[in-house]
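K.L.:
give me the fold of what follows.
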Amino acid sequence: MRLILYTGKGGVGKTTSAAATAALAAERGVRTLLASADAAHSLGDVLERRLGPEPCAVAARLDAVEVDARAESERHWGAVRAYLVHLLRHQGIEEVVAEELALLPGAEELTTLLAIESFARGGYDLVVVDCAPTGSALRMVALPEVARGAFRLLLRIQRSLAAVVAPLAKSLSPIPLPGAAVFRDAERLFYRRLAGLRELLTGGECSVRLVATAERMTIDEAQRAHRDLSLFGLACDAVLLNRLLPPQAQGEPFFRDWMAVQAQRRAEVERTFAPLPVLPAPLAEDEITGAAALARHGADIFGARAPQALLCDAPRARFESTATGASAWLPLPHAVAEDLEVTKLGDRLLLRTPGQRRQILLPRHLAALDLRRARRRDAGLALEFTHPGGPG
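P.N.:
Residues are numbered from 1 along each chain as shown. Model (predicted):
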């Protein structure tokens, strides 16, 4: 099953681009699901159909769904949330307020991903996801790794404390304590299923496509997104450059000048995002709505390419042994050396970029080595490790 995520700065046309990809794939015989993971759903407007939280057919071989994050939160971790609401109400907080406070940060993004994972295993050959704008999309795809480690430790501590303290606490305090169902739901969601989500997102069948226009702000946003997605191990396989003026605009002086600017920006995008292919998408005369019009727009974008194909085999992290220890290379495009922080803490590598941080569990043969040097090389981060006491 192929999974493609579309994201970009708000207003660049990512929903239309995702829908055009799905519609073209379905028209060419691929069993496809188009899913909206953006809280501000507009997928139904683009498809000219009313969508709900369950997949429904919108064209031959094409289903669509708008994920209801709150309903999914209730379904996937109802016992945990019910306990939090009960605890808050015990403190005198009104039920409506308690319901809102019980939505922990990141819960809706996580359960949106869980819903997409469930739908993806429903017999589709291709799942295309219209993600939220880049900041929210990055938070969504990074959460499975970040949350799994944090909650695994927290659950161990809480379960140990509950086993010892709960019998005594219940006799001394009326405060409600978590029961077995709470721990069971939390472990199932935050430990077991998050591992599967992480494997799905970083596996070879998943990639992200960045949508931008020939404008400075959207290109800069796409570069930051490419860097941060690479930091968390997610591969990008294309950049879709949207709303390019058609050749017939050359006859008007105003559009001729703007076309020259667009040509310069397109050349810049092709250079800075290489080896990712840049897919030019023409500016349409009118809004592109409905499955048939979307499929035609998809054909303009992809031409003879298969829209579901992996358009670029993005480089992956490499670890190698050397005479003095080991070396590693991590893809990190568009990063600036002065903005990077690299630290080795025990068996983990801590990487910081502006606004993002990731801990990477090192292979066992690297965990015992010292980090000697880190430097930018070939659109990535090159690391050198040496044996303790070796040359520094």
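
K.L.:
before we move on, which element is the spatially most central residue of the chain in?
P.N.:
What sits nearest the mean C-alpha location of the chain, by CA atoms, centre = their mean, is residue 141, with 3.1 Å. Residue 141 is located in helix 134-172, with elements delineated by DSSP states H and E.

K.L.:
mind jotting down where the strands sit in the stretch 251-392 of the chain?
P.N.:
Taking DSSP state E, counting those that start in this stretch, the strands of the stretch 251-392 of the chain run over residues 278-282, 318-321, 325-331, 341-345, 348-353, 356-361, 370-377, 380-386.

K.L.:
mean pLDDT lowest where, among these?
P.N.:
Least confident of the strands of the stretch 251-392 of the chain, judged by mean pLDDT, is strand 356-361 with a mean of 85.

K.L.:
and residue 226, what element?
P.N.:
In this assignment (DSSP H and E), residue 226 forms part of helix 216-231.

K.L.:
just the buried residues of that helix, please?
P.N.:
For helix 216-231, the buried set under the neighbour-count rule, 16 or more other CB atoms under 10 Å, comprises 218-219, 221-231. C-betas here are computed from N, CA, C, even on glycine.

K.L.:
and that helix, what other elements does it pack with?
P.N.:
strand 2-8, helix 134-172, strand 206-213, strand 236-244, helix 253-272, strand 348-353, strand 356-361 (3 or more CB pairs under 8 Å, 6 or more residues apart in numbering; DSSP states H and E).

K.L.:
quick one: average confidence on that helix?
P.N.:
Mean per-residue pLDDT for helix 216-231: 94.

K.L.:
please renumber so the chain begins at 190
P.N.:
Okay, using 190 as the starting number, the last item reads as helix 405-420.

K.L.:
ok, residue 207 - contacts?
P.N.:
Residue 207 makes contact with 193, 195, 223, 317-319, according to CB atoms under 8 Å, 6 or more residues apart in numbering.

K.L.:
ok, 7 Å please
P.N.:
195, 223, 317, 319 (CB atoms under 7 Å, 6 or more residues apart in numbering).

K.L.:
just curious, which of those is nearest to residue 480?
P.N.:
Taking CB to CB as the measure, residue 223 is the one of the contacts of residue 207 closest to residue 480, at 9.6 Å.

K.L.:
correct me, but that closest one touches residue 211?
P.N.:
Yes: using CB atoms under 7 Å, residue 223 and residue 211 qualify as a contacting pair, with a distance of 3.9 Å.

K.L.:
neighbour count for these two, which is higher?
P.N.:
Per other CB atoms under 10 Å, whichever of residue 223 and residue 211 has more neighbours is residue 211, with 36 against 33.

K.L.:
just checking, that one touches residue 317?
P.N.:
Yes: using CB under 7 Å, residue 211 and residue 317 qualify as a contacting pair, with a distance of 4.2 Å.
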